[in-house]
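K.L.:
sequence below, structure please.
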Amino acid sequence: MSYKILYITLRRLIGERAVPALRSQLLQHGPVLFARALALGSPRVVADALSLLPMSERVTVLRHLPAPLRETMKPLCIGSSPRVRLQLGAAAAFVLHQT
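P.N.:
A predicted model of the protein is given here:
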């Protein structure tokens, strides 16, 4: 599956808040392709998708997003987790606010 088609699928699943299906896509395609597809969206779409994932999967996807996108997303994120920062460095220095 191309990452452009995967992006369309992810957008639908994010809109439906279909967490099991979103996680299934991550497991099926891997974090690199998942992040590449997700990076086609706006920072808000990326933040929404990451907020639906458990912390371990969120950090894995976040690690594979392009650095400029991670920087753009910072205003959409709050707080930080020292434990995550110690484990992964600057790529996971912030934690998305879950509502």
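K.L.:
low pLDDT regions in this protein?
P.N.:
1, 74-99 (pLDDT under 70).
K.L.:
show me where it has helices.
P.N.:
3-16, 19-38, 43-52, 55-64, 67-73, 82-88 (DSSP state H).
K.L.:
so can I have a markdown table of these showing mean neighbour count?
P.N.:
All C-beta atoms are positioned from the backbone trio N, CA, C, and that covers glycine. Below are these laid out as a markdown table (neighbours: other Cβ atoms under 10 Å):
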| stretch | mean neighbour count |
| --- | --- |
| helix 3-16 | 15 |
| helix 19-38 | 17 |
| helix 43-52 | 19 |
| helix 55-64 | 18 |
| helix 67-73 | 14 |
| helix 82-88 | 12 |
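K.L.:
pull the contacting residues for A21.
P.N.:
L13 (Cβ atoms under 8 Å, 6 or more residues apart in numbering).
K.L.:
how close does it get to P68?
P.N.:
Distance from A21 to P68, counting by Cβ to Cβ, to the nearest Å: 28 Å.
K.L.:
show me what contacts G41?
P.N.:
7, 10-11, 49.
K.L.:
ok, and the closest non-adjacent residue to L26?
P.N.:
F34 (4.8 Å; Cβ to Cβ, 6 or more residues apart in numbering).
K.L.:
measure that neighbour to L53 for me?
P.N.:
Counting by Cβ to Cβ - F34 and L53 are separated by 10 Å.
K.L.:
who touches both of those two?
P.N.:
In contact with both F34 and L53: 26, 61, using Cβ under 8 Å, 6+ apart.
K.L.:
contacts only, for the nearest residue to L40 once chain neighbours are set aside.
P.N.:
Nearest non-adjacent residue to L40, counting by Cβ to Cβ, 6+ apart: Y7, 4.5 Å away. Contact analysis of Y7 by Cβ under 8 Å, 6+ apart lists 37-38, 40-41.
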